[in-house]
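**Student:** Provided below for reference: sequence and predicted model.
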Amino acid sequence: MLRSVLLLLAIGVLGCQADCNVCAQPSNVACISDTQFRVCLNNELLDPVNSCPSGTYCTGETAVCQSDISLKACIGCGQCNDQRSFACVGVRTFALCLGTVAPSNITGSCAPNYVCNWDNANICGSAASGFSATCPLADDEELAPIYPNVTVTPNEYCRALQRAGRFPSGSTLATTCRQYIYCFQSEQIWYGAQYNCPGVTYFQPTTQVCNTTIPSHCTGAVSRLQVRNLLLL
């Protein structure tokens with residue numbers, strides 16, 4: 001039965017687009033990586049994992065495997081979003097982009113039962129609310145292990161980041177979201193200093209200024225922020 005379904009998928013007529021890890025119609029499959037997919041039943045992804053032929057990509061078309069790379073379903077993973085605020089780097093992990101087109105070494109994890117979604121302004125969203133993971137399930141990765149319960153000094157922060165400018169201090173709404181670390185280099189050694197935003201304002205990593213908007217990494221959808229293996233509270 002499964003062999004017949006896969007054959008029909010390979011000879012279908014071009015149709016619609018799809019998102020990664022989402023059951024597409026009318027093909028009734030979900031792409032889980034650039035070249036892999038699973039058949040869906042009642043919107044559930046079934047085993048086994050199926051692979052496209054060499055030189056083709058998994059798409060939302062009725063003929064699932066296509067040679068046109070522009071049609072592939074799993075896009076956005078590892079890429080900064082249009083606002084240059086973050087990039088999903090795993091199903092539940094992300095990196096801040098700090099206003100640039102390249103993900104930084106400041107990374108984070110979504111709260112339990114949340115996934116990183118490229119189109120979500122809050123970075124992480126609940127699957128129960130209709131958000132799907134931007135990065136392929138088949139290529140999920142974990143962040144570097146952290147040293148828990150260790151207070152990170154500004155100098156340690158900047159020596160791990162090795163980048164000049166103003167950067168987020170942490171992800172605690174009432175405290176570190178209202179602070180930032182200023183990093184600079186002197187005689188090839190990195191140094192840092194911590195500053196407080198004025199009044200009831202929050203530091204914005206994308207623009208490197210303080211304003212009244214709550215940053216996306218300071219919501220309940222994000223569980224932690226880190227610089228390499230240093231936990232930012």
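**Tutor:** Okay, I see it. Numbering: from 1, shown residues only.

**Student:** Please count neighbours and contacts with C-alpha atoms only from this point.
**Tutor:** Fine.

**Student:** Let's verify Ala160: helix, strand, or coil?
**Tutor:** The three-state label given to Ala160 by DSSP: H, G, I helix; E, B strand; the rest coil is helix.

**Student:** For Ala160, grab the count of nearby residues.
**Tutor:** With neighbours defined by other Cα atoms under 10 Å, the count for Ala160 comes to 16.

**Student:** Quick check: it touching Val227?
**Tutor:** Yes - under the criterion of Cα atoms under 8 Å, Ala160 makes contact with Val227 at 6.6 Å.

**Student:** Give me the phi and psi for Tyr157.
**Tutor:** phi -60, psi -50 (degrees, to the nearest 10).

**Student:** again with Val209
**Tutor:** According to degrees, to the nearest 10, Val209 has phi -130, psi 170.

**Student:** contacting residues around it?
**Tutor:** Phe203 (Cα atoms under 8 Å, 6 or more residues apart in numbering).

**Student:** Please apply the same query to Pro136.
**Tutor:** So Pro136 contacts Cys20, Asn21, Cys31, Ile32, Ser33, Asp34, Cys74, Cys77, Gly90, Val91 (Cα under 8 Å, 6+ apart).

**Student:** Show me the shaky parts of the protein.
**Tutor:** 1-18, 138-150 (pLDDT under 70).

**Student:** which stretches of it form helices?
**Tutor:** Listed in chain order, the helices of the chain (DSSP state H) span residues 2-10, 154-161.

**Student:** Closest to the centroid, which residue in this protein?
**Tutor:** For the chain, Cys88 is the residue whose C-alpha lies nearest the centre (Cα atoms, centre = their mean; 1.5 Å).
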